[in-house]
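Chemist: Curious how this folds, go ahead:
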Amino acid sequence: MALTQAQLAQAVATSKIGRYELVKLALEWVEVKKYDEEYRKLSQAELISKVLDDVVEGVATSAAIEELKKKNKTRENKAAAEEGGAASEAKA
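Modeler: Predicted coordinates:
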């Protein structure tokens, strides 16, 4: 569901968190979701719309962002360990 400008303005006005917190959540959500397949293929305009929808609908919450950050960190550490293991095997 793409929000119109009026709907977004209404959502911001009725939100329990302030507009700056909404923007902060949107930016953090983009950061943790940018590698997900469904987000990666979107144009910038589509990405902004999807992220704002997620924030307004309550999909993107501070708790969800923290959980994804931990998962992404674990994935990055695992990839780095595998890469380091492959590099040491190549030297041997």
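Chemist: Please spell out which residues along the helix ranked longest in the chain are buried.
Modeler: Taking DSSP state H as the assignment, the helix of the chain that covers the most residues is helix 62-91. By neighbour count with 16 or more other Cβ atoms under 10 Å, helix 62-91 contains the buried residues A64, I65, L68. Where you see a C-beta, it was placed from the backbone N, CA and C, and this is true even at glycine.
Chemist: One more: stretch 45-64?
Modeler: Applying a neighbour-count criterion of 16+ other Cβ under 10 Å, the buried positions in stretch 45-64 are L47, S49, K50, V51, L52, D53, D54, V55, V56, A60, A64.
Chemist: any weak-confidence spans in this protein?
Modeler: Filtered on pLDDT under 70, the chain yields the residue ranges 1-4, 8, 12, 85-92.
Chemist: From A79, how far out is R19?
Modeler: In this view, R19 and A79 are 36 Å apart by Cβ to Cβ, to the nearest Å.
Chemist: about what we covered before: columns distance to E28 on top of the buried residues of helix 62-91, output as JSON lines?
Modeler: Output for these, formatted as JSON lines (distance: Cβ to Cβ, whole Å):
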{"residue": "A64", "distance to E28": "10"}
{"residue": "I65", "distance to E28": "5"}
{"residue": "L68", "distance to E28": "9"}
